[in-house]
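J.: Turn this into a structure:
(one chain, ligands or ions: 1)
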Amino acid sequence: MNTIQAQTFGGQILRAHLLGKDIFYCPTDLHPPPTPARGGVPVLFPQFGTLGALTKHGFARTQEWQVFSMLEGCVSANLLLTEQADWPHRAQLNVDASIEDEHIDIYFEVRNVGESAFEWTGGIHPYFLVGDVLQTRVEGLLETPVLDLATVNLANTAIDQAHAITPEVRLYSPNVNVSLTQEGYDAWQVWNPSAQHHLNDIPHADWQRFLCVEPVVLTPKTLAVGETWVGRFTITLIDDIS
Ligand SMILES: O=P(O)(O)OC[C@H]1O[C@H](O)[C@H](O)[C@@H](O)[C@@H]1O
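T.: This is a model prediction of the structure:
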């Protein structure tokens, strides 16, 4: 059965079970709030990473959202993000995810409901459960048509690369083979913390179990008052291992 599970903290999808496969890495012992949950699909807004002066990856992932599970296999999460320190704006964020047949569709919508225009970066940060990142490759990135994770020295160094956007990339791994398609974003960020990581919110060896391939907005987008931006991200299970 296809199922999808989310939590209100961060409006975060945690797990999705698609045609018998767990798609996302998510530790069983998640650190409780206010630590952002490391796993599933965090939402990053209004700042990607350290691309500005705000808190890393913005505030959305550490707020309590409203989550509605309307039907089995559908999640709708909403957050009215009000003024924060150094961010005197208001944004309505919606994440709508549905899982059907061999797809997971995730819509991320940002609407400026304040009284001033704002710039933002961000996006979504899926942790794909790959089984073994050292036997994983990503195909279809513009500058690196075949990114073979076995060759990037993850024993010593993290991979943290931004690639110009392409409509589709494919992730081939021992756990899942998926096609990733998007509209609205401007980059794919590829991240794995390597064996040398200092993350204290996952079992140490788990670095090898996931790879993040993130549809993101890295060039600041301006949203005028009342304007809405929509990003679409679709994960499709594929069978061929070429
Ligand atoms: O540890 P976090 O704050 O959740 O960030 C995890 C990672 O997110 C993104 O992939 C960034 O590109 C990385 O630089 C960052 O380390």
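
J.: is it true that Val146 touches Thr136?
T.: No: using CB atoms under 8 Å as the test, Val146 is too far from Thr136 to be in contact (11.6 Å). C-beta: built from backbone N, CA, C; applies to glycine.

J.: who has more neighbours, the two?
T.: More neighbours surround Thr136 than the other of Val146 and Thr136, with 26 against 12 (other CB atoms under 10 Å).

J.: For Asn2, see how far away the most far-flung residue of the chain relative to its centre is.
T.: Residue farthest from the centre of the chain, counting by CA atoms, centre = their mean, is Glu115 at 28.5 Å. Relative to Asn2, Glu115 is positioned 42 Å away (CB to CB, to the nearest Å).

J.: Please look at the residue farthest from the centre of the chain and Val225 and confirm they touch.
T.: Yes: Glu115 is in contact with Val225 according to CB under 8 Å; the separation is 6.3 Å.

J.: and Leu18, how many residues sit next to it?
T.: Residues within reach of Leu18, counting by other CB under 10 Å, total 24.

J.: Then Ser179?
T.: Neighbours of Ser179 under the rule other CB under 10 Å: 17.

J.: so it makes contact with Ile238?
T.: Yes: at 5.2 Å, Ser179 counts as touching Ile238 under the criterion of CB under 8 Å.

J.: Indicate the residue of the protein located nearest to the ligand.
T.: The minimum distance from the chain to the ligand, using CB to the nearest ligand atom, falls at Trp191 (3.3 Å).

J.: If you count neighbours, what's buried in stretch 88-96?
T.: His89, Arg90, Ala91, Leu93, Asn94, Val95, Asp96 (16 or more other CB atoms under 10 Å).

J.: List the contacts of it.
T.: Outside of stretch 88-96, the residues within contact range by CB atoms under 8 Å, 6 or more residues apart in numbering are 11, 13, 43, 45-46, 60, 65, 74-83, 105-116, 118, 120, 124, 223.

J.: change it to 6 Å
T.: With CB atoms under 6 Å, 6 or more residues apart in numbering as the test, stretch 88-96 has contacts from 11, 60, 76-82, 107-111, 113-114, 118.

J.: Can you find which strand in the chain contains the most residues?
T.: Secondary structure of the chain per DSSP state E: the longest strand is strand 210-223.

J.: what sits up against the very next helix or strand once past that one?
T.: Using DSSP states H and E, the helix or strand that follows strand 210-223 towards the C-terminus is strand 228-237. With CB under 6 Å, 6+ apart as the test, strand 228-237 has contacts from 18-19, 102-111, 178-185, 215.

J.: again with stretch 189-202
T.: 27, 31, 38, 133, 154-162, 207, 211-214, 216.

J.: from these, which would you call buried?
T.: 27, 38, 133, 154, 158-159, 161-162, 207, 211-214, 216.

J.: just checking: which of these also lie near the ligand?
T.: Checked against the ligand using CB under 6 Å from any ligand atom, the buried ones among the contacts of stretch 189-202 yield the following neighbours: Cys212, Glu214.

J.: Thanks again, I'm all set now.
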